[in-house]
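Novice: A predicted structure for the sequence below; I have some questions about it.
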Amino acid sequence: MPKKISPDSTIATIWPHLMHQRDYVAGARHKAKQCFDNHGNAFVKIGVTGSGQKPCYRVFYKDANGSEEIFGSYWDMHDPLDNEHAINTNWSTNAMTYEEIHALMVEKHSPPAKKAI
């Protein structure tokens, strides 16, 4: 596992490295859903200063002009980050939409299809 993840990492690309995959993705999806419900769209970037086991994440939406507006920044356990930790340049260059995170959660946690006998 790399000592530091790539600057273009997303939740999907670090999935194999996450310590608590289901809890992490479910929490990020929940925060993104809140943003989506309030603003009609939601995106998530992750913090890229660590190994990808428990990254912080930032939820944002795009306003009518296409500018990114921060909805919230969170620790891996989904508590809000302090402002001094939230305002920095250590966020991934790529983001996932709420819909993509939801699809990832469904893909990774759906029971395998039963084979016909």
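Specialist: Sure thing, it's come through. Since this is a predicted model, take the numbers as computed values, not measurements.

Novice: Look at the nearest residue to E68 once chain neighbours are set aside and say how many residues are nearby.
Specialist: Excluding its sequence neighbours, the residue lying closest to E68 (Cβ to Cβ, 6 or more residues apart in numbering) is F60, at 4.8 Å. Where C-beta positions appear, they are placed from N, C-alpha and C, glycine not excepted. If you count neighbours by other Cβ atoms under 10 Å, F60 ends up with 22.

Novice: and what of N90?
Specialist: Every residue meeting other Cβ under 10 Å relative to N90 is counted, giving 15.

Novice: Thought T49 was touching it, still the case?
Specialist: Yes - between N90 and T49 there is a contact at 4.8 Å, judged by Cβ atoms under 8 Å.

Novice: Now do the same for the residue nearest to E68: helix, strand or coil?
Specialist: At F60 the chain is in strand, as set by DSSP: H, G, I helix; E, B strand; the rest coil.

Novice: so what's it up against?
Specialist: Applying Cβ atoms under 8 Å, 6 or more residues apart in numbering, one finds that F60 lies in contact with C35, A42, F43, V44, K45, E68, E69, I70, F71, A95.

Novice: Just the mean pLDDT for stretch 94-113, thanks.
Specialist: The predicted model gives stretch 94-113 an average pLDDT of 88.

Novice: Return the backbone torsion pair for E69.
Specialist: With angles defined as degrees, to the nearest 10, E69 sits at phi -120, psi 130.

Novice: thinking D76 is in contact with S51, fair?
Specialist: No - shown here, D76 and S51 do not form a contact pair, counting by Cβ under 8 Å, at 11.9 Å.

Novice: who's more crowded, the two?
Specialist: Just comparing D76 and S51: by other Cβ under 10 Å the higher neighbour count belongs to D76, 20 against 14.

Novice: If the residue nearest in space to the middle of the chain is in a bridge, with which residues?
Specialist: Centroid-nearest residue in the chain, with Cα atoms, centre = their mean: V44, separated by 4.4 Å. Bridge pairing for V44 (DSSP bridges) gives the partners V59, M96.

Novice: Verify the contact between it and A32 for me.
Specialist: Yes - at 5.4 Å, V44 and A32 qualify as touching, with contact defined as Cβ under 8 Å.
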